[in-house]
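> Okay, here's the prediction I keep looking at, along with the sequence it came from:
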Amino acid sequence: MSCETIGKFRFPNLMLTGETSPDRFGQMLRAMRDCLPGSVGEPTIIPNAAHGMNRDNPKAFNAAVLGFLSGR
């Protein structure tokens, strides 16, 4: 997907990665963030988790998702 295409996203985005996920996932999220106008900060990093962060650390994953959905 091109930066031009990603830049057309006009909806909120929650960018998550696991603390021990392969580096390529964090790199992809940072690249996406750079393509999105008005995006905020670095991706949320779920501690003690790899790419299956919802299984590895469900409490932190759920807190991040619920916080995002509630606008926190």
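Happy to help now that I have it.

> Run through the residues that contact N54.
With contacts defined as CB atoms under 8 Å, 6 or more residues apart in numbering, the neighbours of N54 are F61, N62. (C-beta placed from N, C-alpha, C; glycine too.)

> Next: the one 3 residues further on.
Taking CB under 8 Å, 6+ apart, we find N57 in contact with G18, I46, P47, N48, A49.

> could you redo the last one with a cut-off of 6 Å?
I46, N48, A49 (CB atoms under 6 Å, 6 or more residues apart in numbering).

> all helices for this structure, in order.
3-6, 23-35, 53-56, 58-69 (DSSP state H).

> For the first one, list every residue counted as buried.
Using 16 or more other CB atoms under 10 Å as the burial criterion, the residues of helix 3-6 that qualify are I6.

> re earlier: quick one: which of the helices of the chain is nearest P12?
helix 58-69 (7.4 Å; CB to CB).

> Give me the helices and strands touching the closest one, please.
Helix 58-69 is packed against strand 44-46, with contacts defined by 3 or more CB pairs under 6 Å, 6 or more residues apart in numbering; DSSP states H and E.

> Go ahead and flag the most central residue of the chain.
In the chain, the residue lying closest to the centroid (CA atoms, centre = their mean) is M15, at 1.3 Å.

> For that residue, which non-adjacent residue is spatially closest?
Nearest residue to M15, sequence neighbours excluded (CB to CB, 6 or more residues apart in numbering): P43, at 3.8 Å.

> now do L14
Counting by CB to CB, 6+ apart, the residue nearest L14 is F68, at 4.2 Å.

> One more: L16?
Per CB to CB, 6+ apart, closest to L16 is T44, 5.0 Å.

> Next: E4.
Per CB to CB, 6+ apart, closest to E4 is C35, 7.9 Å.
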